[in-house]
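Undergrad: All I have is the shape, not the residue letters:
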């Protein structure tokens, strides 16, 4: 095992293997857990400095890990998919663990987007999800966070097949005993709480369970897609008839809201908000936590609406049409000039996974930049690199260089962007781009992760 090898101890396993281990330990309570702290201790974990949501500096190993039972995940606050669900799940686990939180059990949520996720941003995010004692939200230097992600086995390459862009993994462990395992961060909270609170504590204090014969088990109920989807994806934030939690109580919602609106909002809440829907914006303002895009199928959306209606004993109202947002007017491009007009055409094409017209528009950018002379030579050179583009991957690499050159040029000139132009940033690609419209249109991942990222308040200084 070298210092560069990510954490893969024998106790690091999939949820299925973990369940087998739990069963085995339950049957053989006399099995003794061997201490492996010398193997997974100070010589393995980077002791980098991180900053908490309260602005306090801490050392990763000395202050956060040593002698503690911990659960660690990677997040970024502008994530629209799994990160909010991960955090909501941990909020439920926090409640189940009760007063053990902050005493012998600790949660650490580390941002992979430290440029945006300052302590103040993380503090607001933590408050939205009701994070209490023992749960820290951490930021730091990008290089240190990357190192931690790899050493902990939590780092994952951007995955275009996953709309969230990264895998929602949770590392749980007991540094004192050397027990470590991975789990899915969106797993059921009762399972996570049992793993963290009993297995990692060598089953000390675990309540005895009475053995029950399989012959006495009740017959299995028919599979209910709505109930399953609710438990797996919705119940972390919502209740039905038990009052507001992180998000609103949905008792009677199918009577209050139009089913077509519910369908659109559950399927793609980010798009409904971006379209300026007043109900969606009012919900965000009231509850502060944005409902994430859970990437549910049409069948799952329909089933969960039916489940909520059944549970609430209400009847959905007839569906009516819901207005869709219109694309930004092309007149905007007329105002920004021919160079940015050509650039925006490239951005739209790549966001649509297309190379149509990309080289021609890049040539237009190069020609316009050349007219300005040496001052815009970096922009012209970046645009000419598209001549060597052969596929989407190389085009996106060239586009990242071109976008950086344009932003540097705008920063140097000190000129404001047109009001309709927006600067966007993708934490997974770690690249910026310019676009029009109010909905993110990511050119680096296209349709598979089209809304991944966030809008910037001004012109940044690309690294």
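TA: Structure's in. What do you need? It should be emphasised that the depicted structure is a prediction, and the values quoted were computed from it without experimental measurement.
Undergrad: Please name every helix or strand in contact with the helix or strand where residue 411 lies.
TA: Using DSSP states H and E, residue 411 sits in helix 392-413. When contacts are defined as 3 or more Cβ pairs under 8 Å, 6 or more residues apart in numbering; DSSP states H and E, helix 392-413 sits against helix 338-351, helix 358-371, helix 377-384, strand 431-435. C-beta: built from backbone N, CA, C; applies to glycine.
Undergrad: most tightly surrounded among the ones you listed?
TA: Sort the helices and strands packed on helix 392-413 by mean neighbour count, taking mean count of other Cβ atoms under 10 Å, and strand 431-435 sits at the top with a mean of 23.
Undergrad: Now the residue nearest in space to the middle of the chain. Nearest residue, chain neighbours left out?
TA: Nearest residue to the geometric centre of the chain (Cα atoms, centre = their mean): residue 83, 3.3 Å. Nearest non-adjacent residue to residue 83, counting by Cβ to Cβ, 6 or more residues apart in numbering: residue 75, 4.4 Å away.
Undergrad: Repeat that for residue 114.
TA: Excluding the flanking residues, the one nearest residue 114 by Cβ to Cβ, 6+ apart is residue 139, at 4.5 Å.
Undergrad: any idea how far that neighbour is from residue 456?
TA: 17 Å (Cβ to Cβ, to the nearest Å).
Undergrad: Tell me which of the two has more neighbours.
TA: Using other Cβ atoms under 10 Å, the more surrounded residue of residue 139 and residue 456 is residue 139, with 24 against 15.
Undergrad: re the thing from before, could you provide the helices and strands packed on helix 392-413 in a markdown table, with additional columns for distance to residue 235 and mean pLDDT?
TA: Below are these laid out as a markdown table (distance: least, Cβ to Cβ, whole Å; pLDDT from 0 to 100):
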| stretch | distance to residue 235 | mean pLDDT |
| --- | --- | --- |
| helix 338-351 | 34 | 92 |
| helix 358-371 | 45 | 93 |
| helix 377-384 | 48 | 94 |
| strand 431-435 | 35 | 93 |
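Undergrad: Reformat the ones you listed as a markdown table; add distance to residue 181.
TA: Shown next, in a markdown table, are the helices and strands packed on helix 392-413 (distance: least, Cβ to Cβ, whole Å):
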| stretch | distance to residue 181 |
| --- | --- |
| helix 338-351 | 39 |
| helix 358-371 | 46 |
| helix 377-384 | 46 |
| strand 431-435 | 34 |
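Undergrad: out of those, nearest to residue 299?
TA: For the helices and strands packed on helix 392-413, the distance to residue 299 is smallest for helix 338-351, at 27.5 Å, taking Cβ to Cβ.
Undergrad: got the angle for the closest one vs strand 431-435?
TA: Inter-element angle recorded for helix 338-351 and strand 431-435: 110 degrees (by axes from the mean of the first three to the mean of the last three Cα atoms, to 10 degrees).
Undergrad: How far off centre is helix 338-351?
TA: In terms of Cα atoms, centre = their mean, to the nearest Å, the centre of helix 338-351 is found 28 Å from the chain centre.
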